[in-house]
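[1] Predicted model and sequence follow; I will ask about them next.
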Amino acid sequence: DVKVTQSSRYLVKRTGEKVFLECVQDMDHENMFWYRQDPGLGLRLIYFSYDVKMKEKGDIPEGYSVSREKKERFSLILESASTNQTSMYLCASSLGGWQVRETQYFGPGTRLLVL
Amino acid sequence: DQQVKQNSPSLSVQEGRISILNCDYTNSMFDYFLWYKKYPAEGPTFLISISSIKDKNEDGRFTVFLNKSAKHLSLHIVPSQPGDSAVYFCAASLDNQGGKLIFGQGTELSVKP
C-alpha cells in the first residue's frame, strides 16, 4: 500500500511566520505534488517535483517555495504566512517521471490557519 | 480561468438510485481524465480514469463516460450507496506534463438511505 504522510493535521500560525509543511512517501515515487484545497475552487497545484532537487511551478506558486533534497520527502514552505494562505494543503505522489501519467496518491492533508 | 469545471456543487440521491456527476473541460488537448473521491478529513483517493481514445470505462458500480466533441465527462454510480457520500473531483491531464493534474471544483454527493 502506498503511504503518503504529512507532518501535521492541523497548524495555527501567525501572519509573517515562516511555515514548513512536510510530506513523506514510502513507495519510491518519482513525482510529488503540493495542492491547496479551498471551497468552490477545488484542488489547485502549487508546485510539483519529478525528481530530487527538481521543481516546477504549478498554477498558484506565489508566496510559496519547495524543497526536495531526498526522493521520499517534499517540503512546502510559506516564506511569510498571510491570512489568504489559510487553507487545506494536500501532498500527493505518483510513480512515473516526466512522460508518464500515473495515479496520484494523496496524504491526509494539513489544515493551516493563519491568524 | 477554470479549465475543468464541475458546475454542480452538490447532489442528493436516494439509496439504490443512479448518481450522475458531471464535468466539463475547455482544453481540447487534455487526453486523460480521472475521478477522485474525498471523505472529510482524508486525502482524495483515485476512483476511475479514462483515456481520450475511449468513450466509456467501467469498474463495478462506477462508469465514466467521455464525450470529446462536447468536452464533457460524467461519472455514473449505480446503485448508489450511503457510503458513496463524499466529494467527487474530476481531473484532467496533458501528455508530457510530469503527471500534472488539473482539478475541477468538486461535487458533494449525498446518498440518503
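    Nice, I can see it.
[2] Enumerate the residues of chain B near chain A.
    Residues of chain B lying close to chain A by C-beta under 8 Å from any C-beta of the partner chain are B:4, B:6, B:9, B:32, B:34, B:36, B:41-46, B:49, B:89, B:91, B:93, B:95-96, B:98-106. C-betas here are computed from N, CA, C, even on glycine.
[3] Filter the residues you listed down to the buried ones.
    Neighbour counting over these (16 or more other C-beta atoms under 10 Å in any protein chain shown) leaves B:4, B:6, B:32, B:34, B:36, B:43-44, B:46, B:49, B:89, B:91, B:93, B:98-106 as the buried ones.
[4] Enumerate every residue touching whichever residue of chain B sits closest to chain A.
    Residue of chain B nearest chain A, by C-beta to the nearest C-beta: residue B:43 (3.1 Å). Counting by C-beta atoms under 8 Å, 6 or more residues apart in numbering or on different chains, residue B:43 touches A:4, A:90, A:92, A:106-109.
[5] Which single one of those residues is nearest to residue A:50?
    Nearest to residue A:50 out of the contacts of residue B:43 is residue A:92 (C-beta to C-beta; 12.7 Å).
[6] Check whether that closest one really touches residue A:33, as I assumed.
    Yes: the pair residue A:92 / residue A:33 is scored as a contact, 4.4 Å apart, by C-beta atoms under 8 Å.
[7] Could you tell me which residues touch both of those two?
    In contact with both residue A:92 and residue A:33: residue A:104, using C-beta under 8 Å, 6+ apart.
[8] Among the residues of chain B next to chain A, name the ones in strands.
    B:4, B:32, B:34, B:36, B:45-46, B:49, B:89, B:91, B:93, B:102-103 (DSSP state E).
[9] phi, psi of residue B:83?
    In this entry, residue B:83 is assigned phi and psi values of phi -70, psi -10 (degrees, to the nearest 10).
[10] Quick check: pLDDT value at residue A:96.
    We have a pLDDT of 73 for residue A:96.
[11] What's the nearest residue in chain A when you look at chain B?
    residue A:106 (3.1 Å).
[12] wait, that residue sits on residue A:90?
    Yes: if you go by C-beta under 8 Å, residue A:106 and residue A:90 touch, sitting 5.5 Å apart.
[13] What residues of stretch A:24-34 count as buried?
    A:24-25, A:29-34.
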